[in-house]
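**Q** Next come a sequence and a model predicted from it.
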Amino acid sequence: MKLDKLNKLEQIQAAEARLLLSTYDRNPILFVRGEGVHIIDEQGERYLDLLSGIGVNALGYAHPAIEEAIAKQSRALIHTSNLYYHEGQAELALRLTERTGLDRVFFSNTGTEAWEGALKLARAHAGLLRSEGKQIGTKFLALEQSFHGRTFGSMSTTYKAKYREPFAPVVPGVEFVRFNDVADLRAKFSNEVCAILVETIQGEGGIRPLTQEFFAEARALASSTGALLIADEIQCGMGRTGKWCTYQHYDIQPDVTTLAKPLAGGIPLGAIVCTEEAARAIHAGMHGTTFGGGPLACAVAIAVIDTLEKDHLLAHVTEVGNYFLAQLRALALRHNAIVDVRGRGLMIAAELDSADLAKLVVAEMLKRHILINCTSDTVLRFLPPYILERAHVDTAVAALDEIFTEHAAHCGTQTAAYAATQAAGGNNNG
Ligand SMILES: Cc1ncc(COP(=O)(O)O)c(C=O)c1O
């Protein structure tokens, strides 16, 4: 296929419509490069990216540390398979175990693949405990509104029917617990359960943090039988909320966590990180991958972690995130269409009172060259690069202010709903 310079986007759209599975409903923009927090289309138009490729491009675009790591490693060695050693896996695993407080790592390519591996680990661990005389079953407790990915195990532990039903029958043995409902968790937990599955802050589910009480109860129940507590930090981990892992804000240690999205700054890489106890269940040949943990991805992930540390970016995430939250809360005081503002660090949501309005706001922001998206129908989601500055926040909040003002028919000017939520203590932990 040869593309004319003119109408390149239209030609690509037509070709994709004919050649690709129609899984994606893309925005009609053709991006060709990026710089810092901006991504640039074929016409040279710059967009402020507050979504960072759905939480991936933590260091933004064209970061010199990533460019250098890719260039250097690509000249040396890109792929070996896991039949042989290379220099990157142990070095990266050391960084991850030190920062997560866990003991052992398995590298995958994507988030869903890390989650699949974690589910297999939980089943294998329960099998090991049974072989040692313990009474423990094979059931998973997942949470309502959860999202863990698109492969079979991940999809089966994902709540929304629309993700599961077309592919039924799904993996059996999954029960859903009402989000943050301690009584429901207690009622559904038994020694039939091999693992309790949580996202520390639900991402696709609308940026909803676990409560301290619920997370602590999940920890206590799992410990009481030997079941594993598995925290999916694919979206909220690796510094997104100002700590390496969001569970560290709670001071609760899971048995297993899964990481992916920002781990290698845009190069596909995922990881399962677990305790020595959980790792006892896995032996050579039980699990594996051709590509996972390859030299290139590991070298880039090491560069990402070292840059986050060298440039004090976790503290920066906290500082700019708090500023962003404060600005959005101030905005909510002026526009009652915003019914809640919540989040931690640079994982932030503004919930609106209508799905139509949320769609319109995303489209209007796009017209103003600012990328955000909408999740859970009514929730505007912000997952910007960690290098975001206050000035970018000001630009985004001014654009939102303008949009809410222009569409005042949808959005009132007083904040009864928001003020009431805040008076009641809010439903956020940011
Ligand atoms: C919490 C969580 N888990 C798992 C996944 C799946 O990751 P991937 O799309 O890399 O397979 C996602 C993706 O959005 C996620 O947000």
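**A** Alright, I've got the coordinates.

**Q** low-confidence ranges in the stretch 301-430 of the chain?
**A** Confidence mapping of the stretch 301-430 of the chain against pLDDT under 70 gives the ranges 409-430.

**Q** those helices in it, which residues are they?
**A** All helices of the stretch 301-430 of the chain, identified by DSSP state H, counting those that start in this stretch, fall at 313-334, 355-367, 390-406, 416-423.

**Q** and the residue of the chain found nearest the ligand, what does it touch?
**A** Going by CB to the nearest ligand atom, the ligand is nearest to Gly111 of the chain, at 2.2 Å. Where you see a C-beta, it was placed from the backbone N, CA and C, and this is true even at glycine. Applying CB atoms under 8 Å, 6 or more residues apart in numbering, we find Gly111 in contact with 148-149, 234-235, 258, 260-261, 270.

**Q** Next, give me the two most distant ones among the residues you listed.
**A** The span of the contacts of Gly111, defined through CB to CB, is set by His148 and Lys261 at 12.9 Å.

**Q** anything in contact with each of the two?
**A** 111, 234.

**Q** For stretch 317-335, list every residue counted as buried.
**A** Neighbour-count burial for stretch 317-335, counted by 16 or more other CB atoms under 10 Å, picks out 317-318, 320-321, 323-325, 327-329, 331-332, 334-335.

**Q** Stretch 82-93 now?
**A** So stretch 82-93, judged by 16+ other CB under 10 Å, has buried residues 86, 88-89, 92-93.

**Q** Spell out the secondary structure type for Ala195.
**A** strand (DSSP: H, G, I helix; E, B strand; the rest coil).

**Q** Could you find the closest non-adjacent residue to it?
**A** Spatial nearest neighbour of Ala195, excluding adjacent residues (CB to CB, 6 or more residues apart in numbering): Ala122 at 3.7 Å.

**Q** Please flag which of the buried residues of stretch 82-93 sit within helices.
**A** 88-89, 92-93 (DSSP state H).

**Q** Can you redo these as CSV, where the extra columns are distance to Tyr250?
**A** As requested, these are arranged in CSV below (distance: CB to CB, whole Å):
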residue, distance to Tyr250
Gly88, 31
Gln89, 29
Leu92, 25
Ala93, 24
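
**Q** Ile272 sits in which helix or strand?
**A** strand 270-274 (DSSP states H and E).

**Q** distance of the nearest residue to Gly173 once chain neighbours are set aside from Ala122?
**A** Using CB to CB, 6+ apart and skipping the chain neighbours, the partner closest in space to Gly173 is Lys139 (5.0 Å). From Lys139 over to Ala122 the distance is 10 Å, taken as CB to CB, to the nearest Å.

**Q** the more surrounded of those two?
**A** Per other CB atoms under 10 Å, whichever of Lys139 and Ala122 has more neighbours is Ala122, with 26 against 19.

**Q** Now do the helices in the stretch 51-200 of the chain.
**A** With helices called from DSSP H, counting those that start in this stretch, the stretch 51-200 of the chain shows them at 52-55, 64-76, 88-100, 111-131, 152-156, 161-164, 182-188.

**Q** list the buried ones in stretch 353-369?
**A** 353, 357-358, 360-362, 364-366, 369.

**Q** picking up where we left off before, my guess is the residue nearest to Ala195 meets Val256, correct?
**A** Yes - between Ala122 and Val256 there is a contact under CB atoms under 8 Å: 7.3 Å.

**Q** Mutual contacts of the two, please.
**A** The contact lists of Ala122 and Val256 share 195, 228, 230, 278, where a contact means CB under 8 Å, 6+ apart.

**Q** Now, these that are in strands?
**A** 195, 228, 230 (DSSP state E).

**Q** just those now: which is nearest Arg390?
**A** Among these, and counting by CB to CB, the member closest to Arg390 is Ile230, at 36.1 Å.

**Q** and the closest one, what does it touch?
**A** Applying CB under 8 Å, 6+ apart, we find Ile230 in contact with 118, 122, 195-198, 254-258.

**Q** Name the member of the residues you listed with the most neighbours.
**A** Most neighbours among the contacts of Ile230, by other CB under 10 Å: Thr258, with 32 neighbours.

**Q** mind checking the SS state of that one?
**A** The three-state label given to Thr258 by three-state DSSP is strand.

**Q** How many residues are close by the closest residue to it other than its chain neighbours?
**A** Leaving aside its chain neighbours, Thr258 sits nearest to Ala114 (4.1 Å; criterion: CB to CB, 6+ apart). Residue neighbour count, defined by other CB under 10 Å, stands at 30 for Ala114.

**Q** still on that earlier bit, and the contacts of Ile230 as CSV, adding distance to Glu217?
**A** Formatted as CSV, the contacts of Ile230 follow (distance: CB to CB, whole Å):
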residue, distance to Glu217
Ala118, 20
Ala122, 18
Ala195, 15
Ile196, 9
Leu197, 14
Val198, 11
Pro254, 13
Asp255, 15
Val256, 18
Thr257, 18
Thr258, 21
